[in-house]
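In: Take a look and give me a structure for this.
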Amino acid sequence: MRLQSFGSLVVAAALAAASASCGDYVQDQGRSPSQLVIDSLVGIPGDSPSAKSNTMISDVETLVTEPEPQCSTDHPCRTWLNDTGEATFSIFLKDPLTAGTANEPTVINNITLTQYHVEYRRSDGRNTQGVDVPYAFDSAVTVTIPATGTATVAFDLVRHDAKKESPLISLICSATCPPMISTIAEVTFYGRDQAGNTVSAKGTMGVTFGDISRK
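Out: Prediction:
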């Protein structure tokens, strides 16, 4: 009887552990059957809209020669421009079923994005916002990603206000240009599938800040 009771306790403990592990996985992955995937993430400098890249150099202060006569080659005007980003998304189903059996997505698997969060960090570990890196920020976006296709979302990657704040404002050249600041931008998108389940996806890209116009 004692051995049987001990064996029952072991089995019960094993089942409880397995159940807890499964619960942790579901909680971490979310309840939605749809998985949001960032297929690509690119940055677009405000002063060079055609220069899309997976890494970006951000000009903290841009000198413009238009409109005249306020701005000219001899007397360029100082301006601050937002740098934007583009993310391309797709969706796959978490449960692929078995080989040879299709799990077809439906409109319920479509995901509507509602907001995003941008945060910067440095590889040297100096990550105090407003001192070592720009402040993180949140903003809104609305777009629906179809379960059977892709969608591209434009968003602000660097706010122009951040270029007027520390530490970026300290990069503006006077007699000599200070060192550039290299960061990794982490962009997290949040949304829901059409059943109301929350989803999220995070992407990263390198962003280097400097007073490019004067170098």
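In: Now name the helix or strand holding the closest residue in space to Phe155 that isn't next to it in sequence.
Out: Excluding the flanking residues, the one nearest Phe155 by CB to CB, 6 or more residues apart in numbering is Gly85, at 5.4 Å. Where C-beta positions appear, they are placed from N, C-alpha and C, glycine not excepted. Here Gly85, judged by DSSP states H and E, is contained in strand 83-93.
In: Let me have that strand in PDB, keeping just the CA atoms, if that works.
Out: Provided in PDB are the C-alpha atoms of strand 83-93 (Å, rounded to 0.1, in the frame of the first residue of the first chain):
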ATOM      1  CA  ASP A  83      13.400  59.200 -39.000                       C
ATOM      2  CA  THR A  84      10.800  56.600 -40.000                       C
ATOM      3  CA  GLY A  85      10.800  52.800 -40.200                       C
ATOM      4  CA  GLU A  86       9.000  50.200 -42.200                       C
ATOM      5  CA  ALA A  87       8.100  46.800 -41.000                       C
ATOM      6  CA  THR A  88       6.700  44.000 -43.100                       C
ATOM      7  CA  PHE A  89       4.600  41.400 -41.400                       C
ATOM      8  CA  SER A  90       3.200  37.900 -42.100                       C
ATOM      9  CA  ILE A  91       1.200  35.400 -40.000                       C
ATOM     10  CA  PHE A  92       1.600  31.700 -39.500                       C
ATOM     11  CA  LEU A  93      -0.600  29.300 -37.400                       C
END
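In: And Ser32, how far from Phe89?
Out: As defined by CB to CB, to the nearest Å, Ser32 lies at a distance of 14 Å from Phe89.
In: so what's in contact with the two at the same time?
Out: Ile111 (CB atoms under 8 Å, 6 or more residues apart in numbering).
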